[in-house]
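# Build me a model from this:
(one chain, ligands or ions: 1)
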Amino acid sequence: MSGNIEQLAKLVIDSSGIVVLTGAGISTESGISDFRSPGGVWDRYDPDELNFQSFLSSEESRRTYWKFHREFYLPMKQSEPNDAHYALVELERMGKLNCIITQNVDNLHQRAGSNPEKIIELHGTACKVRCLECGANFERDEIEKRLDKGEEVPRCTLCHGLLKPATVSFGQAMPEKETRESFEMARACDLFLVLGSSLVVHPAAYLPVEAMNSGARLAIINLTSTPYDSYADVVIHAKCGDAMKKLTGLLKRKSNNSH
Ligand code: ZN
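Below you'll find the model as predicted:
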């Protein structure tokens, strides 16, 4: 890994604008379960019942959805950012980071201290709840209090419309603004860094291609291989936290030596 970290450090030093894409891998290192991995919440729920169409059409599905989503949200709130999240805060301080595009909904980048204005939540956030009727946003914790008191399917206090966590469900359209911005940022960077994503979920998986086609370098840090490994300038198969901590350590040493 260390040789590759050295190469990645060089790419970072040469870069004037990095875009980072973070996926489930960075969150699992904080103890948040990946929906798609064995032992995840999916094992106890029928994915068909949790898709967006079911949510819209059946009160029973909505009840199941909220129960499922609480099983994800409550432990998520207890989790803490890890070395990878903090390393991205460092990159931002170094003036290298254009933005973080995340597939995660757990708010850990914000909690680590990354500038919220530089974070694009491609799959929404579990920390907000949205009314599907009037579009009003509510704090998730506010709605959780109502669920604690026994409500099973909360409704909007303004218009009585359906409330849903502000995450993108299966079968639900990707947020237009966030998707557009992600592609714009990918086209404008000179280094695209993938952290903890297997690059199999679209449209996120197209982002590295978009960046490369616009002349950016590509670096990938992921535990397992991805379909884009062979196109990348640097590939590191390791935990994001370990690799990113080594990277920022190396960058600081190089910066101190050059002063
Ligand atoms: Zn409403």
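
# Run a quick neighbour tally on the residue nearest to Asn51 when sequence neighbours are not counted.
In space, and not counting its chain neighbours, Asn51 is closest to Gly171: 4.0 Å by CB to CB, 6 or more residues apart in numbering. In short, each C-beta sits where N, CA and C put it, glycine included. Gly171 has 13 neighbours, counted by other CB atoms under 10 Å.

# Give me the pLDDT for Gly171.
For Gly171, the model assigns a pLDDT of 88.

# element containing it, please.
For Gly171, there is no helix or strand it lies in under DSSP states H and E.

# Now do the contacts for it.
51-53 (CB atoms under 8 Å, 6 or more residues apart in numbering).

# which phi and psi does it have?
Torsion angles at Gly171 (phi, psi; degrees, to the nearest 10) stand at phi 90, psi 0.

# how close does it sit to Arg62?
Here the criterion is CB to CB, to the nearest Å. By it, Gly171 lies 14 Å from Arg62.

# for Ala243, same thing?
From Ala243 across to Arg62, the span is 41 Å (CB to CB).

# Between those two, point out the one with more neighbours.
When Ala243 and Arg62 are compared on other CB under 10 Å, the one with more neighbours turns out to be Ala243, at 23 against 19.

# So that one belongs to a strand, correct?
No - with DSSP: H, G, I helix; E, B strand; the rest coil as the criterion, Ala243 is located in helix rather than a strand.

# Strands of the chain, start to end?
Secondary structure of the chain, counting by DSSP state E: strands at 18-22, 97-102, 119-121, 124-131, 137-139, 163-167, 191-195, 217-221, 234-236.

# Put together CSV for the ones you listed, with mean pLDDT on each row.
Output for the strands of the chain, formatted as CSV (pLDDT from 0 to 100):
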stretch, mean pLDDT
strand 18-22, 98
strand 97-102, 98
strand 119-121, 98
strand 124-131, 97
strand 137-139, 98
strand 163-167, 96
strand 191-195, 98
strand 217-221, 98
strand 234-236, 97
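
# Nearest to the ion, out of those?
Evaluated with CB to the ion, the strands of the chain place strand 124-131 nearest to the ion, the distance being 3.2 Å.

# and the closest one with strand 163-167, angle?
If you take axes from the mean of the first three to the mean of the last three CA atoms, to 10 degrees, strand 124-131 sits at 160 degrees to strand 163-167.

# Residues contacting strand 124-131, please?
By CB under 8 Å, 6+ apart, the surrounding residues in contact with strand 124-131 are 69, 72-73, 76, 105-107, 136-143, 154, 156, 158-159, 161-168, 175.

# Lovely, talk soon.
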